[in-house]
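Student: sequence and computational prediction follow.
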Amino acid sequence: MTQPPAGGATGPTDLPADQSGPDGAQGPSVPPPPPGYPPYQAPAGPPAKRGALMASIALAVVLLLCAGGGVAAFLTLRNTESGEGAREPSVAVDEFLTAVYQEQDAAKAAKLVCTASRDHDKIRAKVAEIEKYASTYQNPRFRWDTPKVDNETGDRATVTTTVTVTTADEKIADQNLRFTVIRKSGWWVCEVA
């Protein structure tokens with residue numbers, strides 16, 4: 001068993017000179033503990049502005065792709081013809097002349113014209129001109145020579161014919177016409193000169 005130190009103290013009372021005890025006595029000096037490191041903090045995520053910017057860019061890309069797809073579809077489909085078109089260039093011209101001169105039906109004539117030249121107002125104006133001409137003379141009759149294909153290269157042809165109008169009082173007038181006809185799902189009248 002250990003004996004208590006002399007003087008009746010129960011614990012060490014002799015402290016080094018440079019350190020003070022609990023009662024203010026000087027004892028050996030002990031450096032203060034080093035300052036603590038701050039607790040670990042995970043790096044902050046991207047600021048909220050960055051997320052909004054990324055979302056805006058993604059939305060812009062999606063809109064651009066949609067718009068680009070829409071424009072591409074429009075450009076691809078705008079020159080497609082609805083219907084079948086005529087089986088030959090001369091048939092396309094003959095059907096067009098029938099619709100304009102004999103039936104005087106602008107809607108039917110427009111269905112025989114290629115999409116690029118399909119101007120309903122101009123076609124109606126031409127049919128109205130024929131109707132006015134027909135109402136000016138007694139019983140006018142329109143006829144034409146069988147349309148003749150002068151030049152055909154691939155999907156384009158030039159067709160000519162002469163339209164003749166004869167009235168009941170024996171007046172006769174001729175008009176030479178040249179048609180440019182194109183092939184897209186059949187033959188379509190594109191230009192009349």
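Tutor: Sure thing, it's come through.

Student: if we ignore the residues flanking it in sequence, what's nearest Glu131?
Tutor: Once flanking residues are discounted, Glu131 sits nearest to Gln104: 5.4 Å by CB to CB, 6 or more residues apart in numbering. Just so you know, the C-beta spots here come from the backbone N, C-alpha and C atoms, and that holds for glycine as well.

Student: what about that neighbour, which SS state?
Tutor: For Gln104, the assignment made with DSSP: H, G, I helix; E, B strand; the rest coil gives coil.

Student: ok, Gln41 next?
Tutor: coil.

Student: ok, it to Pro34 distance?
Tutor: 20 Å (CB to CB, to the nearest Å).

Student: circling back: tell me, how many residues neighbour the residue nearest to Glu131?
Tutor: Around Gln104 there are 16 other residues, counting by other CB atoms under 10 Å.

Student: who touches it in this structure?
Tutor: 127, 130-131, 134 (CB atoms under 8 Å, 6 or more residues apart in numbering).

Student: out of these, show me where the pLDDT dips lowest.
Tutor: Lowest pLDDT of those: Ala134, 82.

Student: now that one: closest residue in space, sequence neighbours ignored.
Tutor: Per CB to CB, 6+ apart, closest to Ala134 is Pro140, 5.0 Å.

Student: now Tyr137
Tutor: Spatial nearest neighbour of Tyr137, excluding adjacent residues (CB to CB, 6+ apart): Thr167 at 4.3 Å.

Student: Provide a list of residues in contact with the one you found.
Tutor: Thr167 makes contacts with 137-141, as judged by CB under 8 Å, 6+ apart.

Student: residues near Ala125, how many?
Tutor: 11.

Student: tell me the spacing between it and Thr153.
Tutor: 31 Å.

Student: what does Glu84 give?
Tutor: Distance of Glu84 to Thr153, computed by CB to CB: 22 Å.
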